[in-house]
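Trainee: I'd like to go over a predicted model; first the sequence, then the structure.
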Amino acid sequence: MSDHRSIKTIYRFFKTSWGIYIHMTGKIVSRANYNSEDSIRITDGLWLALPGKGFLKEDRKYIQFALSNISDAVILASPYKSDTLIKFEAVDFNLFDYQSEGLVPATYQWISEALKIETPEVKCWYNKHLKKYEFDFLIQ
C-alpha cells in the first residue's frame, strides 16, 4: 500500500424515507512520515488524523471508538504495523442524511476496504418514537 493512494468509500443505511450517508476518503500511512502533532493516539501503534480544525469532537469520538475496537487487526494488516496512521482527508455527509453514530460502521467499512480485513457488523434499526436510528453499541 502506498502513502499516495487515497481510499474512498460511501456508507449508506436506509430503513425509512431518510437514512445515513457518509463518504470517507483517507490513506493509511507511516506515522514517522507525518507531522505527528496533529495525530490522535488510538492505541500503541495506531494513530488517527482528521481533516481540518472544524471536525466536531462529538463526531471524532465515534471514529476513535471504531478504531480502538479493531486496533489489533488494523496494526496486524497494515504495512506499517505499529507505526500506522489512519489519515482521513475528507469525511463528507449531507446533514439531512446523517447521524453521528453512523461514523462507527462507516469507519469499519472504510478499514475493511482499505486493508481487506473483516470488521465487526453493526446492527442498526429505526426507532419511530425517537425518530432516529439506534445502534447496537454504546460509547461512554
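Mentor: Received, thanks.
Trainee: may I have the predicted confidence score for Ser82?
Mentor: Confidence at Ser82, expressed as pLDDT, is 97.
Trainee: cool, the one 5 residues further on as well?
Mentor: Residue-level confidence at Lys87 comes out at 94, pLDDT.
Trainee: just the element for the residue most central in space within the chain, please.
Mentor: Nearest residue to the geometric centre of the chain (CA atoms, centre = their mean): Thr107, 2.5 Å. For Thr107, the host element (DSSP states H and E) is helix 103-115.
Trainee: who's in contact with that helix?
Mentor: Residues outside helix 103-115 that contact it (CB atoms under 8 Å, 6 or more residues apart in numbering) are 1, 7, 9, 11, 13, 22, 24, 26, 28, 59, 62-63, 65-67, 70, 74, 77-78, 86, 91, 117-120, 122, 124, 135, 137. All C-beta spots, glycine's among them, are computed from the backbone N, C-alpha and C.
Trainee: and the residue nearest to the centre of the chain, how close does it get to Thr84?
Mentor: Relative to Thr84, Thr107 is positioned 14 Å away (criterion: CB to CB, to the nearest Å).
Trainee: just to revisit the earlier point, give me the buried entries from the contacts of helix 103-115.
Mentor: Buried members of these, scored by 16 or more other CB atoms under 10 Å, are 7, 9, 11, 13, 22, 24, 26, 28, 59, 62-63, 65-67, 70, 74, 77-78, 86, 91, 119, 122, 124, 135.
Trainee: okay, and which of those residues map to strands?
Mentor: Among these, the residues falling in strands (DSSP state E) are Ile7, Thr9, Tyr11, Phe13, Ile22, Met24, Gly26, Ile28, Ile86, Val91, Cys124, Phe135.
Trainee: endpoints of stretch 85-100, how far apart?
Mentor: 22 Å (CA to CA, to the nearest Å).
Trainee: before we move on, what about stretch 119-136?
Mentor: Per CA to CA, stretch 119-136 runs 15 Å from first to last residue.
Trainee: dump the residue contacts of the residue lying closest to Leu85 once chain neighbours are set aside.
Mentor: Among residues not flanking Leu85 along the chain, Arg31 sits closest, at 4.1 Å (CB to CB, 6 or more residues apart in numbering). Arg31 is in contact with Ser39, Trp47, Tyr80, Asp83, Thr84, Leu85, counting by CB under 8 Å, 6+ apart.
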